[in-house]
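Chemist: Let's see this in three dimensions:
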Amino acid sequence: MEPASIFYDSIEVNLKTGIDICDITADLINIVTLSRVENGNLMATVTGSTGSLTTIEYEPGVVKDLKNAINRLAPPGEEYEHEKAWHDGNGHSHVQAALLGPSLVLPVRNGRIKLGTWQQVVLINHDNSPRSRIVEITIIGTRDK
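Modeler: Numbers count the residues shown, from 1 in each chain. Got it, this is the predicted structure:
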């Protein structure tokens with residue numbers, strides 16, 4: 001068996017006021033290609049406490065459904081303890097991001113991210129202002145000779 005290789009990279013994505021959802025699948029595919037990892041795992045984490053990562057079928061209906069569901073889980077305009085301390089209006093943003101989570105692990109097989117036919121990776125800004133989000137990527141796996 002080949003020794004494991006580790007590859008690091010990051011992407012920066014400018015997002016509008018939340019909830020803003022962006023498909024980053026193509027970026028991740030390009031990074032896997034650059035890594036030359038054939039089989040292993042890709043780990044992606046968005047930095048910041050009001051951003052999240054998940055997978056969906058990235059089409060307008062599902063995007064709208066996801067936004068609506070996130071707002072039902074932690075609606076803007078409710079009273080949040082965070083608001084009492086900071087008065088910045090984004091208590092809901094922190095809760096929404098925490099519920100979805102900041103990171104994903106995806107399998108890499110035969111030099112490709114293993115996703116379902118209708119599955120894309122999306123980055124979400126929950127904050128009440130535009131944000132430039134950094135996604136840190138680590139790929140660990142074996143390379144072809």
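
Chemist: buried set for stretch 78-95?
Modeler: In terms of neighbour count (16 or more other CB atoms under 10 Å), stretch 78-95 has its buried residues at 80, 82, 90-95. Just so you know, the C-beta spots here come from the backbone N, C-alpha and C atoms, and that holds for glycine as well.

Chemist: Endpoints of stretch 93-111, how far apart?
Modeler: Stretch 93-111 has an end-to-end distance of 35 Å (criterion: CA to CA, to the nearest Å).

Chemist: By mean pLDDT, point me to the weakest helix or strand of the chain.
Modeler: Sorting the helices and strands of the chain by mean pLDDT, DSSP states H and E puts helix 81-86 at the bottom, at a mean of 91.

Chemist: So what's the gap between the top helix by length along the chain and the chain middle?
Modeler: Identified as the longest helix of the chain according to DSSP state H is helix 60-73. Put simply, helix 60-73 sits 16 Å off its chain's centre (CA atoms, centre = their mean, to the nearest Å).

Chemist: Then stretch 2-14?
Modeler: Centroid separation between stretch 2-14 and its chain, computed with CA atoms, centre = their mean, is 15 Å.

Chemist: how about the closest residue to A74 other than its chain neighbours, phi and psi?
Modeler: Excluding its sequence neighbours, the residue lying closest to A74 (CB to CB, 6 or more residues apart in numbering) is V95, at 3.9 Å. Phi and psi for V95, reported as degrees, to the nearest 10, are phi -70, psi -40.

Chemist: ok, now E57?
Modeler: The phi/psi pair for E57 (degrees, to the nearest 10) is phi -80, psi 110.

Chemist: roughly how far apart are the residue nearest the centre of the chain and R36?
Modeler: In the chain, the residue lying closest to the centroid (CA atoms, centre = their mean) is L53, at 2.3 Å. Using CB to CB, to the nearest Å, L53 is found at 24 Å from R36.

Chemist: Just checking: what are the partner strands of the lengthiest strand in the chain?
Modeler: Counting residues, the longest strand found in the chain (DSSP state E) is strand 131-143. Note on strand 131-143: by DSSP bridges, its sheet partners are strand 5-15 (antiparallel), strand 37-46 (antiparallel).
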